[in-house]
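Undergrad: Would you be able to build a 3D model of this:
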Amino acid sequence: MHRYLWAKNAYSIAENTILGSSDVNSLFCNQRGIYDFTHNTMANSCSHSTRSGTAIRLSDYSGTDSGYMITALFKNCIIDGNALRKISLQTGGMHTLFFSFDLSLIKFEDNTGQFANDPLYEFDDTTPYNQVFSHQDTDFKLVKK
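TA: Numbers count the residues shown, from 1 in each chain. Here you go, the predicted model:
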């Protein structure tokens, strides 16, 4: 079963929602849009195939066009999975990607330093990352039916 959302050029509000077990991104907000998520879990721990995405991907461009405005707000959310990095933030260079994570847990480990100088991933910046717990594991238990 795949539980994911691809929101393109949309206005979406989600509360108390679980997105996960996707082959790609559990949540993909693409191009224009306003997205508001409260008390949600995006936990992409897909074990049935090779996964190519993250739990959350925010992108303000389509590959050929850039400069689309995206606003994405995450309040009291859990972003987790079985890969090291669970968020992917992509901008076309126009600085049209506005996002904030408030009181949320984000699994993100950059062991290679690939994102060390990327301002989108400055978890110490409290403007987009307000009271965020990063580099921590959740204590989810696998329950089999």
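Undergrad: hey, let's count contacts and neighbours off CA atoms from now on
TA: Noted.
Undergrad: How about the contacts made by Thr54?
TA: By C-alpha atoms under 8 Å, 6 or more residues apart in numbering, Thr54 lies in contact with 24-26, 44, 83, 85-88.
Undergrad: and what of Gly33?
TA: When contacts are counted by C-alpha under 8 Å, 6+ apart, Gly33 touches 8-11, 69-71.
Undergrad: Scan these and report the most crowded one.
TA: Counting neighbours by other C-alpha atoms under 10 Å, the top entry in the contacts of Gly33 is Ile70, with 27 neighbours.
Undergrad: gap between Lys107 and Arg32?
TA: Counting by C-alpha to C-alpha, to the nearest Å, the gap from Lys107 to Arg32 is 26 Å.
Undergrad: Ok, Gly92 next?
TA: 13 Å.
Undergrad: Those two: who's more crowded?
TA: Arg32 (21 against 17).
Undergrad: Identify the residue nearest that one in space, chain neighbours excluded?
TA: Asn9 (4.3 Å; C-alpha to C-alpha, 6 or more residues apart in numbering).
Undergrad: How about Glu15?
TA: In space, Glu15 is closest to Thr38, 4.9 Å off (C-alpha to C-alpha, 6+ apart).
Undergrad: where in the chain is pLDDT low?
TA: 1-3, 45-52, 62-68, 93-95, 140-143, 145 (pLDDT under 70).
Undergrad: wait, what's in contact with the residue nearest in space to the middle of it?
TA: For the chain, the residue nearest the mean C-alpha position is Ile56 (2.4 Å; C-alpha atoms, centre = their mean). With contact set as C-alpha under 8 Å, 6+ apart, Ile56 has these partners: 25-28, 42, 79, 86-88.
Undergrad: Contacts for the host helix or strand of Phe99, please.
TA: Assigned by DSSP states H and E, Phe99 belongs to strand 97-102. With C-alpha under 8 Å, 6+ apart as the test, strand 97-102 has contacts from 58-60, 68-77, 91, 127-132.
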